[in-house]
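**Student:** Any chance you can model this:
(one chain, ligands or ions: 1)
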Amino acid sequence: MQTTPVTQSYRLVISTSIGEVREDVASGQKAFFAGRQFGAGEVISSFAAGEDHAAPSYLTVQLGDNQHIMLNPEYLQYINHSCNPNCFFDTTHLAVIALRDIACEEELSFFYPSSEWDMSQPFVCNCGSQQCLGIIQGAKYLSPQQAAAYRLNLYIAGKRNQEG
Ligand SMILES: [Zn+2]
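**Tutor:** Predicted coordinates:
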């Protein structure tokens, strides 16, 4: 669910053209690691809408009020949350974009509330970043200052404007 310290030992789960899914042997938590360098703004992967759901789950990405898709390719679901993310899931262009330069072997992460309005499974974040928000439960719950610090999807930004 969230980024993990790099000191743990991992086993390889899936090798892909953009990196590897590895499982933390101790916790069983999976994470996605870059297989090469990516430059800021680079499209790391495009994705398509897999199975479509009316309600969110921890595996879905939100495209609209009642549209929550499974990711295709599925391995993108192993990109975890961080409050200091290096990736952005652009749900307008259906692409995972590097927010900054990413080194080979760096864990990929994105900010869940950038695409999720009201999460089905809020969690306490332990990402360890200085700006960690603590409880992650969706864009609906961000303060204006918190929201301003992140790139949000158009759908999410529009919804905040409507409700704000
Ligand atoms: Zn955090």
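**Student:** Low-confidence ranges, the protein, go.
**Tutor:** 1-8, 164 (pLDDT under 70).
**Student:** Check the gap between the most centrally placed residue in the chain and residue 18 for me.
**Tutor:** Relative to the mean C-alpha position of the chain, the nearest C-alpha, by CA atoms, centre = their mean, is the one of residue 110, at 3.2 Å. Distance, residue 110 to residue 18, by CB to CB, to the nearest Å: 14 Å. C-betas here are computed from N, CA, C, even on glycine.
**Student:** try residue 149
**Tutor:** Taking CB to CB, one finds residue 149 at 27 Å from residue 18.
**Student:** okay, those two: which has more neighbours?
**Tutor:** residue 18 (17 against 14; other CB atoms under 10 Å).
**Student:** re earlier: which ones are touching the residue nearest to the centre of the chain?
**Tutor:** Contacts for residue 110 were tallied using CB atoms under 8 Å, 6 or more residues apart in numbering; they are 79, 80, 81, 82, 85, 87, 88, 89, 96.
**Student:** try 7 Å this time
**Tutor:** The contact partners of residue 110, by CB atoms under 7 Å, 6 or more residues apart in numbering, come to 79, 81, 85, 87, 88, 89.
**Student:** Got the phi and psi for the last one?
**Tutor:** When quoted as degrees, to the nearest 10, the phi and psi of residue 89 stand at phi -90, psi 100.
**Student:** which residues touch it?
**Tutor:** 61, 96, 110, 114, 115.
**Student:** Could you work out the end-to-end span of stretch 146-162 for me?
**Tutor:** 17 Å (CA to CA, to the nearest Å).
**Student:** Now it: buried residues?
**Tutor:** Under the neighbour-count criterion of 16 or more other CB atoms under 10 Å, stretch 146-162 has 147, 150, 152, 153, 155, 156, 159, 160 buried.
**Student:** right, is that stretch up against the ion?
**Tutor:** No - between stretch 146-162 and the ion, judged by CB under 5 Å from the ion, nothing touches; the nearest distance is 11.3 Å.
**Student:** Check stretch 110-118 too.
**Tutor:** No - applying CB under 5 Å from the ion, one finds stretch 110-118 separated from the ion by no less than 8.9 Å.
**Student:** can you start the count at 249 instead of 1 from here on
**Tutor:** Renumbered: residue one is now 249, and that last one reads stretch 358-366.
**Student:** Now do the strands in the protein.
**Tutor:** 258-263, 267-272, 278-282, 291-294, 296-301, 308-312, 315-320, 328-329, 335-338, 343-346, 357-358, 371-372, 383-384 (DSSP state E).
**Student:** Good, we can wrap up now.
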